[in-house]
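> sharing a model that was predicted from the sequence below.
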Amino acid sequence: MPWRETVDPYRIWLSEIILQQTRVAQGLPYYLSFVEAYPTVFDLANAQQEEVLKLWQGLGYYSRARNLHETAQFVANELQGVFPSSYKELLKLKGVGDYTASAIASICYGEVVPVVDGNVYRVLSRYFNIDTPINSTKGIKKFKELASTLIDTKNPANYNQAIMEFGALQCKPQSPYCIICPLNEGCEALKNGTVTSLPVKLKKVKVKNRYFNYLIFNIDGNKTVIQQRTGKGIWQNLYEFPVIESSAKIDIDGITGDQGFMDLMNGMDYEISLYQEEYVIHKLSHQHLYTRFYIVEIQKNPLISEEQKVIHVSTIAQYPVPILLGKFIDRFY
DNA sequence: AATACGGGGAG
DNA sequence: CTCCCAGTATT
């Protein structure tokens, strides 16, 4: 991995943010494009947030990108481009939690602080046969303390990366091949037959259904309308087409009768058609989005609100959008 | 202590 | 389908 070839705090920080809740295979190309686009923390700090979000597009958990940018500006402008040099100080950076602060401090500065990520939880819960839920307050404290007693004080960087890689490759979630495991003699879970039931995690989230009806305006054949998502919720600061969210499935009548739609049309002539009968079901970890697209043909600009804008379709690719819309745009334009 | 926050890959 | 990923911030 390229981030194993450096101890530059900027690059280690960048890689760790990208890899939060993200598989190495998925994050690697993003890391490479970020390093190329922003070789230093100053380059990242000087970028527009929209450009950063565009590079982040498709990686998910977009607050990471917003915090990444904000922290880059903080380090560049307030700290003269020099990252904090201890676990305690790193922890104060936005987007840097216990895991990331430990990773940077150990890898870059040799500080003796253990990382406890999903891999470490799995390895430790199995080796010591601990069934305390890893996402409970007690579990988080217990595993961090246990990890502190195990870390190699002579080479914390190597130890931390080694135990994570051991968890990813050998002590993996499903079907770990315990028969060839170098640690099988001391593994308490193997001894007790609890390997497959560990680690224990508290209840999973319940999924909510939402219905998104996107309006794809076709103005003069070469323009459309987009808007930036603001406020709370998913996809903050990303762009999207005007959308009518409904509490259940609706069709053309539901769209044309919608107040927001009528405000937008402002009495002008239009032709509306359903792009595709079948709903595109976009699954997030905590929401299932049932989406449909309506094509709205008009000859002049609709009455757009403050946060909406009319753009030429040729420029649509420069806007950061959720992957759901990125796929639609690729098909449609 | 719970919940929100993405998208994808593996089985 | 389910699980979970080199987690963090907010409520």
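Yes, it's here. Residues are numbered from 1 along each chain as shown, chains lettered A, B, ... in the order given.
> for chain A, which residues are neighbours of DNA strand B?
By the rule Cβ under 7 Å from any atom of the strand, the part of chain A lying against DNA strand B is A:21-23, A:25-26, A:58-63, A:135-138, A:174-175, A:202-203, A:205, A:232-236, A:282-287, A:322-324. C-beta here means a position set from N, CA and C on the backbone, and glycine is covered the same way.
> just the buried ones among those residues, please.
Buried members of the residues of chain A next to DNA strand B, counted by 16 or more other Cβ atoms under 10 Å: A:22, A:59-60, A:62, A:235, A:282, A:322, A:324.
> strands - which of those residues land there?
residue A:282 (DSSP state E).
> nearest to DNA strand B among the buried ones among the residues of chain A next to DNA strand B?
residue A:60 (2.5 Å; Cβ to the nearest atom of the strand).
> what's the closest non-adjacent residue to that closest one?
Nearest residue to residue A:60 in three dimensions, chain neighbours excluded: residue A:22, at 7.5 Å (Cβ to Cβ, 6 or more residues apart in numbering).
> now the longest helix belonging to chain A: how far from the chain's centre is it?
As assigned by DSSP state H, the longest helix anywhere in chain A is helix A:63-78. Here helix A:63-78 is found 16 Å from its chain centre; the criterion is Cα atoms, centre = their mean, to the nearest Å.
> I'd like the next helix or strand past it.
helix A:87-90 (DSSP states H and E).
> how about that following helix: buried residues?
A:87, A:90.
> list the contacts of residue A:311.
Listed by Cβ atoms under 8 Å, 6 or more residues apart in numbering, the contact partners of residue A:311 are A:223-226, A:319.
> could you redo the last one with a cut-off of 6 Å?
residue A:226 (Cβ atoms under 6 Å, 6 or more residues apart in numbering).
> show me the contacts for the residue most central in space within chain A.
Taking Cα atoms, centre = their mean, the centroid of chain A lies closest to residue A:61, which sits 2.5 Å from it. Residue A:61 makes no contacts at all, as judged by Cβ under 6 Å, 6+ apart.
> hmm, back to that, wait, does the longest helix of chain A make contact with DNA strand C?
Yes. Against DNA strand C, helix A:63-78 shows contacts by Cβ under 7 Å from any atom of the strand at A:63, A:67.
> just checking, what packs against that helix?
Counting contacts by 3 or more Cβ pairs under 6 Å, 6 or more residues apart in numbering; DSSP states H and E, helix A:63-78 packs against helix A:41-46, helix A:49-56.
> and the residue of the stretch 201-333 of chain A nearest DNA strand B?
residue A:234 (3.0 Å).
> so how far is residue A:323 from that residue?
Look at residue A:234 and residue A:323: by Cβ to Cβ, to the nearest Å, they are 12 Å apart.
> cool, and residue A:330?
10 Å.
> could you do residue A:180 as well?
As defined by Cβ to Cβ, residue A:180 lies at a distance of 38 Å from residue A:323.
> what's the burial count for residue A:276?
12 (other Cβ atoms under 10 Å).
> same check on residue A:294?
22.
> in contact with it, which residues?
For residue A:294, the contacting residues are A:215, A:255, A:272, A:274, by Cβ under 6 Å, 6+ apart.
> so what are the sheet partners of the helix or strand where it lies and their directions?
Here residue A:294 sits within strand A:287-298, counting by DSSP H and E. In the sheet, strand A:287-298 lines up against strand A:208-219 (parallel), strand A:271-274 (antiparallel), strand A:280-283 (antiparallel) (DSSP bridges).
> determine which stretch of the ones you listed is the most buried.
Comparing the strands paired with strand A:287-298 by mean neighbour count (mean count of other Cβ atoms under 10 Å), strand A:208-219 ranks first with a mean of 19.
> next SSE downstream of that one?
Next along from strand A:208-219, by DSSP H and E: strand A:223-228.
> the helix or strand just after that next one pairs with which strands, and in what direction?
Next along the chain after strand A:223-228, taking DSSP H and E as the criterion, comes strand A:239-240. Strand pairing for strand A:239-240, using DSSP bridges, gives strand A:223-228 (antiparallel).
> per-residue confidence for the closest residue in space to residue A:319 that isn't next to it in sequence?
Ranked by Cβ to Cβ, 6+ apart and with sequence neighbours excluded, the top spatial neighbour of residue A:319 is residue A:239, at 4.2 Å. Looking at residue A:239, its pLDDT stands at 98.
> ditto for residue A:191
Residue A:191 is given a pLDDT of 97.
> how far away is it from residue A:129?
8 Å.
> which of those two has more residues huddled nearby?
residue A:129 (17 against 12).
> which SS state does the more buried one fall under?
What DSSP: H, G, I helix; E, B strand; the rest coil gives for residue A:129 is coil.
> excluding its backbone neighbours, what's nearest it?
Of all residues not flanking residue A:129 in the chain, residue A:188 sits nearest, at 3.5 Å (Cβ to Cβ, 6+ apart).
> I'd say the one you found and residue A:126 touch.
No. The pair residue A:188 / residue A:126 is not scored as a contact, 7.7 Å apart, by Cβ atoms under 6 Å.
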